[in-house]
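Undergrad: I'll drop the sequence and a predicted model, then ask my questions.
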Amino acid sequence: MQQQSFLSTSFELREMKAVKRKVGKYELGRTIGSGTFAKVKFAQNMETNESVAIKIMAKSTILRHKMVDQIKREISVMKIVRHPCIVRLHEVLASQTKIYIVLELVSGGELFDRFGTQVHQRRLSESESRKYFQQLIDAVSHCHGKGVYHRDLKPENLLLDSGANLKVLDFGLSALPKQGVELLHTTCGTPNYVAPEVISGRGYDGAAADLWSCGVILYVLLAGHLPFDETDFPSLCNKINTAQFSCPCWFSPAATSLIHKILDPNPVTRIKIEGIKRDPWFQKNYVPITPRADEVVNLDDVTAVFDGIQDKFVNEESQNSDDGPLIMNAFEMITLSQGLNLSALFERRQDYVKRQTRFVSRQPAKVIISAIEAAAVSLGFKAHTRNYKTRLEGLSANRVSQFAVVLEVFEVAPSLFMVDVRKVAGDTLEYHKFYKHLCEKIDRIIWRPKVSMPSSTLFQTMTC
């Protein structure tokens with residue numbers, strides 16, 4: 001009864017103290033991801049009540065960094081490659097200052113989140129790895145059939161939906177076919193997952209390069225570590241170019257055989273998608289995932305977003321009732337609750353930490369922010385706070401690349417606050433260590449409820 005009262009009060013408070021920002025028919029909520037050039041926010045379609053994710057980019061940033069063609073390409077590709085295992089693009093909107101890409105909301109987290117932080121947890125079973133690899137190959141096969149090459153396939157660009165099915169995203173480095181051009185020449189992607197012919201700077205076949213990345217992903221799923229992982233770039237390139245790797249003893253002979261066929265440094269003799277689909281290991285329990293009948297793809301709105309921005313704006317509205325933390329609404333809480341179970345909001349498991357996680361506190365919002373800032377200084381980070389959102393910045397463990405985390409405070413009920421923590425830059429495994437150390441520093445402000453509410457009670461509360 002106490003938990004039900006807490007939720008009811010939270011929803012009533014939402015009605016009394018609305019903090020809204022609207023973009024056309026969408027009401028924006030919390031930030032669920034961010035990068036150098038864009039941020040992604042949770043949003044709700046006010047006409048259909050559907051939850052979506054909206055990627056937001058400033059036009060000034062796009063123009064300043066000469067990214068117009070890249071963004072056009074990314075949007076166009078996502079419209080072309082409609083498949084159950086690819087994040088769906090709903091529509092594109094523009095205001096005077098920003099571009100909004102409305103995407104399918106994928107609530108199961110990253111595929112990387114399936115890995116634990118303990119050594120024995122850092123790999124998946126062979127059957128689970130095969131399932132995700134089959135879905136990945138189906139998605140990649142569909143892209144290649146449309147003449148699209150992803151060029152940045154890696155676990156962090158693979159999401160899971162609520163049913164634990166794979167969803168490919170981030171087509172920012174993808175290539176579209178060009179008339180009369182057979183080979184690609186742009187060196188791009190994440191080094192550990194990039195094919196040797198891409199690193200060498202020669203012209204390369206986009207399909208063969210994507211399959212190499214798929215092979216590295218399969219290896220990581222089964223092994224829990226990379227096949228090619230060196231601290232200096234020349235050594236890494238040498239190992240990739242000569243395919244110097246070995247499969248752990250727990251790999252089955254069939255899986256080992258397939259991986260060696262995919263991680264063939266010669267793109268000409270490297271196995272093709274058709275060969276992968278015929279492979280006995282791949283075929284086990286394989287149920288092909290096929291797209292719906294081809295939909296008519298209209299790119300007129302993409303042209304309008306970039307070429308007609310002077311007179312085609314979406315209406316933006318901001319309504320802030322006070323200067324306190326944002327209040328999380330019911331739809332956002334459902335999305336966070338993972339299967340309608342509130343324990344996912346409040347539990348803080350030490351052995352399993354995602355790139356984006358959260359904790360709850362009963363301390364005042366300003367006390368929470370102060371504790372975070374003090375912890376940041378003690379851990380060697382610089383802290384920048386604005387509107388109950390704190391960005392922590394510092395150097396990664398290798399002292400070369402940047403490591404950054406954003407923490408944002410939300411009010412979920414009177415005197416109950418949720419702190420959303422997400423990695424912005426740096427290595428995911430390094431983030432695991434950071435989160436553990438942060439929680440140790442601010443342990444006194446973290447609230448751990450003793451009783452979890454059953455999912456059935458939550459559902460009744462939300463629908464009454």
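TA: That came in fine, so what should we check first? What you see is a predicted model, and the numbers here were worked out from it, not measured in a lab. Numbering: from 1, shown residues only.

Undergrad: Every contact and neighbour count from this point should use C-alpha atoms.
TA: Will do.

Undergrad: Please point out which parts of the strand or helix carrying residue 376 sit buried.
TA: Here residue 376, judged by DSSP states H and E, is contained in helix 365-378. Buried positions in helix 365-378, judged by neighbour count with 16 or more other Cα atoms under 10 Å: 365, 368-369, 371-373, 375-376.

Undergrad: Let's have the residues you listed in CSV, adding pLDDT and distance to residue 437.
TA: Output for the buried residues of helix 365-378, formatted as CSV (pLDDT from 0 to 100; distance: Cα to Cα, whole Å):
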residue, pLDDT, distance to residue 437
365, 89, 21
368, 93, 16
369, 92, 17
371, 93, 13
372, 93, 12
373, 93, 14
375, 92, 9
376, 91, 10
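
Undergrad: Distance to residue 225 added to these, as a markdown table?
TA: Below are those laid out as a markdown table (distance: Cα to Cα, whole Å):
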| residue | distance to residue 225 |
| --- | --- |
| 365 | 39 |
| 368 | 36 |
| 369 | 36 |
| 371 | 35 |
| 372 | 32 |
| 373 | 33 |
| 375 | 31 |
| 376 | 29 |
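
Undergrad: thinking again about what came up before, so which elements touch the helix holding residue 376?
TA: Applying 3 or more Cα pairs under 8 Å, 6 or more residues apart in numbering; DSSP states H and E, we find helix 365-378 packed against strand 382-386, strand 389-395, helix 428-441.

Undergrad: Contacts made by it with the rest, please.
TA: If you take Cα atoms under 8 Å, 6 or more residues apart in numbering as the criterion, helix 365-378 is touched by 325, 361, 382-383, 388, 390, 392, 409, 417, 438, 441-442, 445.

Undergrad: can you do 7 Å?
TA: Helix 365-378 has contacts (Cα atoms under 7 Å, 6 or more residues apart in numbering) with 382-383, 388, 392, 409, 438, 441-442, 445.

Undergrad: Which of these are buried? Put it as a ChimeraX command.
TA: Here is the ChimeraX command that selects only those of the contacts of helix 365-378 that count as buried (16+ other Cα under 10 Å):
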select :382,383,388,392,409,441,445
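
Undergrad: Out of the contacts of helix 365-378, which one has the lowest pLDDT?
TA: By pLDDT, residue 388 ranks lowest within the contacts of helix 365-378, coming in at 86.

Undergrad: gap between the closest residue in space to residue 190 that isn't next to it in sequence and residue 359?
TA: Spatial nearest neighbour of residue 190, chain neighbours left out: residue 152 (6.4 Å); criterion: Cα to Cα, 6 or more residues apart in numbering. When distance is defined by Cα to Cα, to the nearest Å, residue 152 is 32 Å away from residue 359.

Undergrad: Pick out whichever of the two has more residues nearby.
TA: Between residue 152 and residue 359, residue 152 has the larger neighbour count (other Cα atoms under 10 Å), namely 23 against 20.

Undergrad: Now that one. Its backbone dihedrals?
TA: phi -150, psi 50 (degrees, to the nearest 10).

Undergrad: Isn't it up against residue 195?
TA: No. Contact criterion Cα atoms under 7 Å: residue 152 and residue 195 do not qualify, at 10.6 Å.

Undergrad: circling back: would you mind writing the CA trace of the helix holding residue 376 as PDB?
TA: Extracted in PDB, the C-alpha atoms of helix 365-378 (Å, rounded to 0.1, in the frame of the first residue of the first chain):
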ATOM      1  CA  ALA A 365      18.300  17.500  -4.800                       C
ATOM      2  CA  LYS A 366      20.900  20.100  -3.900                       C
ATOM      3  CA  VAL A 367      22.500  17.800  -1.300                       C
ATOM      4  CA  ILE A 368      22.700  15.000  -4.000                       C
ATOM      5  CA  ILE A 369      24.400  17.400  -6.400                       C
ATOM      6  CA  SER A 370      26.900  18.600  -3.800                       C
ATOM      7  CA  ALA A 371      27.700  15.000  -2.800                       C
ATOM      8  CA  ILE A 372      28.300  14.100  -6.500                       C
ATOM      9  CA  GLU A 373      30.600  17.200  -7.000                       C
ATOM     10  CA  ALA A 374      32.600  16.400  -3.900                       C
ATOM     11  CA  ALA A 375      33.000  12.700  -5.000                       C
ATOM     12  CA  ALA A 376      34.100  13.900  -8.400                       C
ATOM     13  CA  VAL A 377      36.900  16.000  -7.100                       C
ATOM     14  CA  SER A 378      38.200  13.200  -4.900                       C
END
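
Undergrad: Measure how far that helix is from the centre of its chain, please.
TA: Its chain's C-alpha centre and that of helix 365-378 lie 27 Å apart, by Cα atoms, centre = their mean, to the nearest Å.

Undergrad: between that helix and helix 428-441, what angle do the directions make?
TA: Using axes from the mean of the first three to the mean of the last three Cα atoms, to 10 degrees, the inter-axis angle of helix 365-378 relative to helix 428-441 is 120 degrees.

Undergrad: out of the contacts of helix 365-378, who's nearest residue 237?
TA: Proximity of the contacts of helix 365-378 to residue 237 (Cα to Cα) peaks at residue 392, which lies at 32.3 Å.

Undergrad: which residues does that closest one bridge with?
TA: When assigned by DSSP bridges, residue 392 has beta-bridge partners residue 383, residue 405.

Undergrad: wait, what's in contact with it?
TA: Per Cα under 7 Å, 6+ apart, neighbours of residue 392: 376, 381-384, 404-406.

Undergrad: By average pLDDT, which secondary structure element in this protein comes out worst?
TA: When the helices and strands of the chain are scored by mean pLDDT, DSSP states H and E, helix 455-463 comes last with a mean of 33.

Undergrad: any idea which element residue 133 lies in?
TA: helix 126-145.

Undergrad: State the mean pLDDT of the helix or strand following that helix.
TA: Downstream of helix 126-145, the next assigned helix or strand under DSSP H and E is strand 158-160. The average pLDDT within strand 158-160 is 89.

Undergrad: tell me the SS of the residue nearest to residue 89 when sequence neighbours are not counted?
TA: Spatial nearest neighbour of residue 89, excluding adjacent residues (Cα to Cα, 6+ apart): residue 103 at 4.5 Å. Using DSSP: H, G, I helix; E, B strand; the rest coil, the structure places residue 103 in strand.

Undergrad: swap in the one 3 residues further on?
TA: Three-state call for residue 106 (three-state DSSP): coil.

Undergrad: what about it, how many residues close to it?
TA: Residue 106: 20 surrounding residues under other Cα under 10 Å.

Undergrad: who's in contact with it?
TA: Going by Cα under 7 Å, 6+ apart, residue 106 touches 159-161.
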